[in-house]
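Asker: Would you be able to build a 3D model of this:
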Amino acid sequence: MSSNFSFYLITDSHYMSKQNWVEGEPINLRVRPDNLALKYTPEILDAYIDEIINDKDIDTVIFLGDNIDNGDMNSHYEFRERLKKLTDNGQKVYMVYATHDYIGAEDDECNFQTAKRYLENGTEAIEFMRRANLPGFYYDYTQKNAVSVDKESGSYSVKLSDNILLISLIDNGNGRSYCGLFDEGISWLEARLKEAKENNTMVIVCVHHPLLPPHDLYEAIVPAEMLGGRDKLKDLFFRYDVRAVFTGHTHVQNIRKLENAEGKYLYDISTISLANPYGLMRKVSIDCESSLCKVENVFADICKYGTPDRDELYSQNFPGAYERLLPMAETDFDLFLSESKGLLPAEKLAKFRLPLKVFLGKLNKMTMYSLAKHAKVAKSLTDEEKDKAKKMKAADAVFEVLKHVFRGNGIYTPESMEYKIFHGFFVRIDKLKIKKLQTLLHGYSLASVIEGFLYNNRTGDDDNISFYLK
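Answerer: Purely as a prediction, here's the structure:
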């Protein structure tokens, strides 16, 4: 009998039913500024469900919340049908839910106050889900097979195998400025962790909001987007030797490691949104004898149901739409304005047609070598680097950085020409000591913040990692 156990992990599928929109400006204004291919989320999810069903070796799937985009019942019914398709095939499905999965009420600060259908020229309210109804609606995929349930939050624990315990934490709180466990939930969690340690059981924790930030500045700028009570949780996880927490929410492919003074370590393994043009799922494999945990990526063929390819999806919204818009400003300014709606203040930009056309045209033509001269690093480049910099558009290099904000593993390492120029440029800006910028950076230097996007200066790889669970 095999001593290995594996499962698939999916997060932030942001499922949007085809019943919820018709082609028109309202849906496009919703989609453009986001990083998600919302129109194609049914096709994307179906492609991954097929991938899971076709794998005869793995029978467990975990969903990490923001399963639905804006809490509407059309999407919930269709999403649940897909979960049933998995269980009908013999898979075990466990899930958590989060703020996109319901509509807020009373003192709940959830972003959404009504679910919407996007019409040709406006929107209309449609039936929605309240948070209190989620546990019952998804009972078969949450508490049904639980060995323990926290009544307050709905968090639950499940035995994945004889010596692996899954603890699924469901964020409660007020839906926005605090998403995490209250004291009762933390006491419940500690009791589960204590039992697991006494029984020499490995623990996998799954929760929607991040325990560790994908980048240092993230926590300083948007602390409410982090898991509430995380300092208490970190202490608990170190005390009871938890080494893996799987998270979502940020839409960022990211692996971060935290070590304490005693040398104990903890990984926050965040997975890119499934609905991102470059979205994927994780495969997690555990050797139950050695406790070695291996995490790797799995891509499905999302075009099998008629979805555009990933690069085309990327070009339709943030940040790919900006990459498409920049050269358009010089060649067809009217089209640029039309396509800018939802991304830029198009009406204001129209008043500055000529200067903007000239400025954006020059910006599009600027080379990396020109940027190097502004950064005062041109002389330090090798002849080969200078030649490459003169042929490369600065905009192309910038958009390559932006593309990897969500994909992880930025490609410009300290040895690269691009890194030297970008880093030098932002060091120059730091030296200006701009007060507003320093305030925004919360004490971090701009150069140090940008470094984390240029390449992976955290664990070295946001896609694959192996470590021991005990």
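
Asker: residue boundaries of the strands in the stretch 201-350 of the chain?
Answerer: For the stretch 201-350 of the chain, applying DSSP state E, counting those that start in this stretch gives strands covering 202-207, 244-247, 254-259, 265-270, 281-287, 292-298.

Asker: Using CSV, lay out these together with distance to A132, mean pLDDT and mean neighbour count.
Answerer: Where you see a C-beta, it was placed from the backbone N, CA and C, and this is true even at glycine. As requested, these are arranged in CSV below (distance: least, C-beta to C-beta, whole Å; pLDDT from 0 to 100; neighbours: other C-beta atoms under 10 Å):
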stretch, distance to A132, mean pLDDT, mean neighbour count
strand 202-207, 20, 98, 24
strand 244-247, 24, 98, 25
strand 254-259, 32, 97, 19
strand 265-270, 28, 98, 22
strand 281-287, 29, 97, 20
strand 292-298, 34, 97, 17
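
Asker: Can you add distance to F426 and give these back as TSV?
Answerer: Listed next are the strands of the stretch 201-350 of the chain as TSV, based on distance: least, C-beta to C-beta, whole Å:
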stretch	distance to F426
strand 202-207	34
strand 244-247	29
strand 254-259	21
strand 265-270	25
strand 281-287	32
strand 292-298	30
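
Asker: so which of those strands comes closest to N457?
Answerer: N457 sits nearest to strand 254-259 of all those, at 11.0 Å, using C-beta to C-beta.

Asker: Surely F7 touches T60?
Answerer: Yes: counting by C-beta atoms under 8 Å, T60 is a contact partner of F7 at 3.9 Å.

Asker: Identify the contacts common to the two.
Answerer: L160 (C-beta atoms under 8 Å, 6 or more residues apart in numbering).

Asker: Could you count how many residues lie near the nearest residue to S13 once chain neighbours are set aside?
Answerer: With sequence-adjacent residues excluded and distances taken as C-beta to C-beta, 6 or more residues apart in numbering, S13 is closest to L274, at 4.4 Å. Other residues lying near L274 total 29 when counted by other C-beta atoms under 10 Å.

Asker: correct me, but L274 touches Y8?
Answerer: No: using C-beta under 8 Å, L274 is not in contact with Y8; the gap is 11.0 Å.

Asker: and for these two, which residues touch both?
Answerer: With C-beta under 8 Å, 6+ apart as the test, L274 and Y8 both reach M281.

Asker: quick one: contacts for the nearest residue to R32 once chain neighbours are set aside?
Answerer: Excluding the flanking residues, the one nearest R32 by C-beta to C-beta, 6+ apart is G342, at 4.1 Å. By C-beta under 8 Å, 6+ apart, the contact set of G342 is 28-33.

Asker: One more: K234?
Answerer: 211, 258, 266.

Asker: Help me confirm that N174 comes into contact with D107.
Answerer: Yes: between N174 and D107 a contact is recorded at 6.2 Å, counting by C-beta under 8 Å.

Asker: quick one: which of those two has more around it?
Answerer: A count of neighbours by other C-beta under 10 Å puts N174 above the other of N174 and D107, at 15 against 7.

Asker: partner residues bridging the residue lying closest to K365 once chain neighbours are set aside?
Answerer: Of all residues not flanking K365 in the chain, K393 sits nearest, at 7.2 Å (C-beta to C-beta, 6+ apart). Using DSSP bridges, the bridge partners assigned to K393 are T367.

Asker: Look up which helix or strand the closest residue in space to L160 that isn't next to it in sequence falls in, please.
Answerer: Leaving out its chain neighbours, the residue that sits closest to L160 by C-beta to C-beta, 6+ apart is L166, at 5.0 Å. Per DSSP states H and E, L166 falls inside strand 164-169.

Asker: Dump that strand to PDB, keeping only the CA atoms.
Answerer: Listed next in PDB are the C-alpha coordinates belonging to strand 164-169 (Å, rounded to 0.1, in the frame of the first residue of the first chain):
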ATOM      1  CA  ILE A 164      -2.600  13.800   8.000                       C
ATOM      2  CA  LEU A 165      -5.100  16.300   9.400                       C
ATOM      3  CA  LEU A 166      -6.600  19.100   7.300                       C
ATOM      4  CA  ILE A 167      -7.700  22.200   9.200                       C
ATOM      5  CA  SER A 168      -9.900  24.500   7.100                       C
ATOM      6  CA  LEU A 169     -10.100  27.900   8.700                       C
END
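
Asker: Number of residues surrounding the residue nearest to H209 when sequence neighbours are not counted?
Answerer: Using C-beta to C-beta, 6+ apart and skipping residues adjacent in sequence, the residue nearest H209 is L227, 4.0 Å away. L227 has 25 neighbours, counted by other C-beta under 10 Å.

Asker: got the contact list for L227?
Answerer: Per C-beta under 8 Å, 6+ apart, neighbours of L227: 171, 179-180, 207, 209-211, 233, 247.

Asker: Would you mind confirming that H404 is in contact with E418?
Answerer: No: with contacts counted by C-beta under 8 Å, H404 stays clear of E418, the gap being 11.9 Å.
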